[in-house]
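Trainee: what follows is a predicted structure for the sequence shown.
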Amino acid sequence: MSKKNNPMKRYAALCGILLPVAMMAGCAGATDGSSAGTDSALTSPATESDTKESTVGADAQTDTAAFPAFTATDLDGNEVTESIFSEKDLTVLNIWGTFCGPCIGEMPELGEWAKEMPDNVQIVGLIIDINGEEDTEHRDLAVDITQQAGVEFTNLIANMDFAPILKDVVGVPTTLFIDGEGNLVGDPIVGANVDGYKTFVEDYLHEQ
């Protein structure tokens, strides 16, 4: 990771906070505990037990919080607002970065899952390390990653509208769940854990 293009510095600036060093460490890691990137000293991989603890049932959280209103651009240049959540009963929001090995590693499986989902569920990606419209380097990299993975679902470019959510994200990938009314449901899943995402969705839909 070069000093010139440090994605976590952009992430911290986006959130408008100074994250502790441990929280700025990089990827949350894969469920198998593998290294999250090429610079292992700057990563904080989640262990299998950590990921299992973060994977909870849909009824684990009784209080709901509204996802903040936002206006963002996706990788295709389209304007997207929080109204995207109202299009489905449940949205799986996968927060990721182009610097994160586990994020990239799970992308093909997410792309396949998105094509198999029920009509009332969708995946939306949120990319945290594209620093505005002028950052064509990371935007192009994100486009390459999603295209090579066969991803067709919407991927949003994070901006300051997402700061209330991103300030609590300690690593990527982090996956959130939002209902059709724009409320966060359940608990976040930290780390690459597609099976965990699927389990949550199945449990949530079963309880509706």
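Mentor: Alright, I've got the coordinates. Residues are numbered from 1 along each chain as shown.
Trainee: quick check: buried residues in the helix or strand residue 138 falls within?
Mentor: Taking DSSP states H and E as the definition, residue 138 sits inside helix 136-148. For helix 136-148, the neighbour count (16 or more other Cβ atoms under 10 Å) marks 138-139, 141-143, 145-146 as buried. Every C-beta, even on glycine, is put in place using the N, C-alpha and C of the backbone.
Trainee: got it, and stretch 159-166?
Mentor: In stretch 159-166, counting by 16+ other Cβ under 10 Å, buried: 161-162, 164-166.
Trainee: rounded mean pLDDT for stretch 113-124, please.
Mentor: Mean per-residue pLDDT for stretch 113-124: 98.
Trainee: same question, stretch 201-208
Mentor: 96.
Trainee: same question, stretch 154-173
Mentor: pLDDT averaged over stretch 154-173 gives 97.
Trainee: do a quick rundown of the strands in the chain.
Mentor: 65-66, 71-74, 79-81, 90-96, 121-127, 155-157, 174-179, 183-184, 189-190 (DSSP state E).
Trainee: quick check: angle from the fourth one to strand 121-127?
Mentor: In this case it means strand 90-96. Angle, strand 90-96 to strand 121-127, by axes from the mean of the first three to the mean of the last three Cα atoms, to 10 degrees: 20 degrees.
Trainee: partner strands of strand 90-96, parallel or antiparallel?
Mentor: Strand pairing for strand 90-96, determined by DSSP bridges: strand 121-127 (parallel), strand 174-179 (antiparallel).
Trainee: quick one: buried residues of stretch 115-128?
Mentor: Those would be 117, 121-128, for stretch 115-128 by 16+ other Cβ under 10 Å.
Trainee: that older thread, any chance of the strands of the chain in CSV, plus distance to residue 104?
Mentor: Shown next, in CSV, are these (distance: least, Cβ to Cβ, whole Å):
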stretch, distance to residue 104
strand 65-66, 29
strand 71-74, 18
strand 79-81, 22
strand 90-96, 8
strand 121-127, 11
strand 155-157, 13
strand 174-179, 15
strand 183-184, 25
strand 189-190, 17
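Trainee: residue 205 contacts residue 90, correct?
Mentor: Yes - using Cβ atoms under 8 Å, residue 205 is in contact with residue 90, at 7.0 Å.
Trainee: which neighbours do these two share?
Mentor: Any residue near both residue 205 and residue 90 by Cβ atoms under 8 Å, 6 or more residues apart in numbering counts here, and that gives 120-121.
Trainee: of those two, who's got more company?
Mentor: Higher neighbour count among residue 205 and residue 90: residue 90, with 22 against 14, using other Cβ atoms under 10 Å.
Trainee: spatially nearest residue to that one (excluding sequence neighbours)?
Mentor: Counting by Cβ to Cβ, 6 or more residues apart in numbering, residue 90 lies nearest to residue 121, which is 4.9 Å off, once chain neighbours are set aside.
Trainee: give the contact list for the one you found.
Mentor: 88-92, 201, 205.
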